[in-house]
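Fold the following.
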Amino acid sequence: MNHDECERCISHGITALTNQKAAILSAIADLDNPTGTTNITQGLGWGWRVVKPAAPFTEAVANPEYKRQQAIVLLTDGENVPGNGDGYKATFGMSGYAQSKMDQRLRTLAANIKADGVIIYVIQFANDGTDLQLLLKEIASGPDTPYYYYAPD
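Sure thing, here's the model as predicted:
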């Protein structure tokens, strides 16, 4: 693999919990355009880790003196697409089977998050596929606004 092949593989890491709007907008602006595979489960799983008051992220408060509701806002522009590494590599085996397994893992993870009392908001961008909409409405804490929203662009 040469430098050009890995240019878009730079990791930006996860923005810790913050109430600083500028930091959040900067992190969003730093994201690269999508180039291939999507793993919604991985993003949702890391989001859950961030809102929980345990390592590797410690910004969340375990028992605050104020009332609060934990929530995750999941944004995606694509369906789960199996891949091996970056967007240039392929998956061994039948991709339809792999995607089905990824979708099932996403359903299981979302059920566990919601059972933990965390609200999941989903914003779907651009890709208006019916199967994807049905999956994401199932993942969200409710199938309609305010829990699920489709943004065409």
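
only C-alpha atoms for contact and neighbour calcs from this point on.
OK.

ends of stretch 124-135, how far apart?
11 Å (CA to CA, to the nearest Å).

no, scratch that, I was asking about stretch 145-153
End-to-end distance (CA to CA), stretch 145-153: 17 Å.

same deal with stretch 59-69?
With CA to CA, one end of stretch 59-69 sits 15 Å from the other.

residues in contact with that stretch?
Stretch 59-69 is contacted from outside by 16-17, 50-54, 118-119, using CA atoms under 8 Å, 6 or more residues apart in numbering.

Now that stretch: average pLDDT?
Mean per-residue pLDDT for stretch 59-69: 89.

Can you get me the centre-to-centre distance for that stretch and its chain?
23 Å (CA atoms, centre = their mean, to the nearest Å).

Likewise for stretch 146-153?
Remark: stretch 146-153 is offset 14 Å from the chain centroid, using CA atoms, centre = their mean.

Need the contact partners of that stretch.
Here stretch 146-153 makes contact (CA under 8 Å, 6+ apart) with 120-128, 136-137, 140-142.

now the contacts of stretch 59-69 in JSON lines, with distance to Tyr147, neighbour count and secondary structure?
Output for the contacts of stretch 59-69, formatted as JSON lines (distance: CA to CA, whole Å; neighbours: other CA atoms under 10 Å; DSSP: H, G, I helix; E, B strand; the rest coil):
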{"residue": "Ala16", "distance to Tyr147": "23", "neighbour count": "15", "secondary structure": "coil"}
{"residue": "Leu17", "distance to Tyr147": "20", "neighbour count": "13", "secondary structure": "coil"}
{"residue": "Val50", "distance to Tyr147": "19", "neighbour count": "21", "secondary structure": "helix"}
{"residue": "Val51", "distance to Tyr147": "18", "neighbour count": "20", "secondary structure": "helix"}
{"residue": "Lys52", "distance to Tyr147": "20", "neighbour count": "17", "secondary structure": "coil"}
{"residue": "Pro53", "distance to Tyr147": "24", "neighbour count": "14", "secondary structure": "coil"}
{"residue": "Ala54", "distance to Tyr147": "26", "neighbour count": "13", "secondary structure": "strand"}
{"residue": "Val118", "distance to Tyr147": "12", "neighbour count": "19", "secondary structure": "coil"}
{"residue": "Ile119", "distance to Tyr147": "8", "neighbour count": "19", "secondary structure": "strand"}
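
Of the contacts of stretch 146-153, which is the most crowded?
Counting neighbours by other CA atoms under 10 Å, Leu136 comes out on top of these with 28 neighbours.
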